[in-house]
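*Asks:* sequence plus the predicted model coming up.
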Amino acid sequence: MNTDFIFTLKRTALDEHYQPASNTRITTNFANLARGTSRQENLRNALKMINNRFNALADWDNQQADRYSVELEIISVDIDVVGSGEAFPSIEVLKTNIVDHHTNKCIEGIVGNNFSSYVRDYDFSVLLQNHNKNQPTFSVPDNFGELHGKLFQSFVNSNVYKDNFTKPPVICLSVSDNKTYHRTDNQHPVLGIEYQPNDSSLTEQYFKKMGLAVRYFMPPNSVAPLAFYFIGDLLNDYSSLELISTISTMETFQKIYRPEIYNANAVAGRAYQPNLKNSDHSLTQIVYDRHERSQLACAQGKFAEEHFIKPYQTVLEQWSQNYL
């Protein structure tokens with residue numbers, strides 16, 4: 001395996017005092033919350049929602065629904081190409097940690113959860129858009145997502161990852177609004193009812209190149225399924241508390257960013273098609289500018305093109321071809 005890349009990892013506490021670093025993708029869910037005049041109230045309310053949801057799901061030996069709280073770390077991964085000494089921000093994920101206030105112990109949670117990447121912004125907001133300009137039908141470029149997928153796998157297989165985390169990542173995303181999801185008879189005590197999509201999505205195919213499979217579950221007392229991307233065996237590789245930490249964190253973010261789906265007033269039925277124009281939903285008390293977020297994705301994709309893709313194009317192509 002080629003070792004042209006050096007990964008460096010930084011941890012930042014995501015609490016009510018969090019302020020995004022200058023090189024943080026500001027489209028990232030948590031970074032978007034931490035901006036503007038309501039930033040501290042946004043963060044405080046989101047963290048309270050996460051803790052309430054965690055205790056509602058972890059209800060055994062928890063009569064007062066206050067046994068646990070979730071502490072979040074932002075894991076920022078920079079990449080140094082061929083020892084250039086110039087670090088490019090490549091991946092940002094969240095790490096959950098669970099505090100048990102009955103035993104005063106901190107329990108390790110799951111790394112992954114939220115996922116952001118400048119190269120993914122480039123792929124979807126620059127490469128894919130340019131490829132489909134003036135085209136009569138939508139298509140995907142050859143090798144779309146190959147480089148990004150191999151970069152992600154290289155990080156997960158790196159000593160830096162193994163020195164910091166004991167289990168593979170789990171990434172939790174919203175469902176696609178152009179797919180129909182069908183309820184199955186399979187039910188997990190924590191993840192809830194499993195759904196299956198009628199077709200594979202571009203996001204599924206993109207994450208598959210990252211080495212991730214996907215399953216869709218609607219947790220207890222949720223109103224829509226979540227997409228869980230994972231390596232290995234999602235149902236057996238992680239404890240109930242680990243899974244709850246991901247559900248409570250990411251469902252909270254989705255209620256804020258996708259209230260039409262995840263804060264809807266009606267529960268998903270046997271055949272469910274998400275609808276971002278659904279007016280029958282409730283809003284959280286958290287300020288968020290979705291239009292601004294989509295504009296920033298384009299700007300950050302162009303940043304990746306200018307500072308990473310173009311300067312290292314030859315090296316990246318050779319590395320990608322040789323990566324096993």
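*Replies:* All right, it came through fine. Residues are numbered from 1 along each chain as shown.

*Asks:* quick one: average pLDDT of the helix or strand hosting G149?
*Replies:* For G149, the host element (DSSP states H and E) is helix 146-156. Averaged across helix 146-156, pLDDT comes to 95.

*Asks:* show me what that helix is packed up against.
*Replies:* strand 5-14, strand 87-100, helix 118-122, helix 202-208, helix 313-322 (3 or more C-beta pairs under 8 Å, 6 or more residues apart in numbering; DSSP states H and E). To be clear about C-beta, it is placed using only N, CA and C from the backbone, and glycine gets the same treatment.

*Asks:* out of the ones you listed, which is the most enclosed?
*Replies:* Most buried of the helices and strands packed on helix 146-156, by mean neighbour count (mean count of other C-beta atoms under 10 Å): helix 118-122, with a mean of 25.

*Asks:* what does the average pLDDT come to for it?
*Replies:* Per-residue scores along helix 118-122 average to 92.

*Asks:* packing partners for the helix or strand following the helix holding G149?
*Replies:* Going down the chain from helix 146-156, the next helix or strand is helix 159-164, by DSSP H and E. When contacts are defined as 3+ C-beta pairs under 8 Å, 6+ apart, helix 159-164 sits against strand 5-14.

*Asks:* ok, residues contacting the strand it packs on?
*Replies:* 18, 21, 30, 43, 71-83, 87, 90, 94-95, 151, 154-155, 158, 160-161, 164, 319 (C-beta atoms under 8 Å, 6 or more residues apart in numbering).

*Asks:* tell me the mean pLDDT over that strand?
*Replies:* Mean predicted lDDT for strand 5-14 stands at 91.

*Asks:* strand partners (parallel or antiparallel) of it?
*Replies:* Sheet partners assigned to strand 5-14 using DSSP bridges are listed as strand 68-81 (antiparallel).

*Asks:* quick one: the partner strand to helix 313-322, angle?
*Replies:* Counting by axes from the mean of the first three to the mean of the last three C-alpha atoms, to 10 degrees, strand 68-81 points 110 degrees away from the direction of helix 313-322.

*Asks:* now Q129. Nearest residue, chain neighbours left out?
*Replies:* Among residues not flanking Q129 along the chain, C298 sits closest, at 8.0 Å (C-beta to C-beta, 6 or more residues apart in numbering).

*Asks:* doesn't S125 make contact with the one you found?
*Replies:* Yes. The pair C298 / S125 is scored as a contact, 4.5 Å apart, by C-beta atoms under 8 Å.

*Asks:* the two: which has the busier surroundings?
*Replies:* Higher neighbour count among C298 and S125: S125, with 22 against 16, using other C-beta atoms under 10 Å.

*Asks:* quick check on the more buried one: phi, psi?
*Replies:* Note on S125: backbone dihedrals following degrees, to the nearest 10 are phi -100, psi -20.

*Asks:* please report how far the residue lying closest to L226 once chain neighbours are set aside lies from I79.
*Replies:* Spatial nearest neighbour of L226, excluding adjacent residues (C-beta to C-beta, 6+ apart): C172 at 5.5 Å. Here C172 is placed at a distance of 24 Å from I79 (C-beta to C-beta, to the nearest Å).

*Asks:* ok, E204 next?
*Replies:* 25 Å.

*Asks:* next: G301.
*Replies:* 17 Å.

*Asks:* same question for Q129.
*Replies:* From Q129 to I79 the distance is 24 Å (C-beta to C-beta).

*Asks:* appreciated, that's everything.
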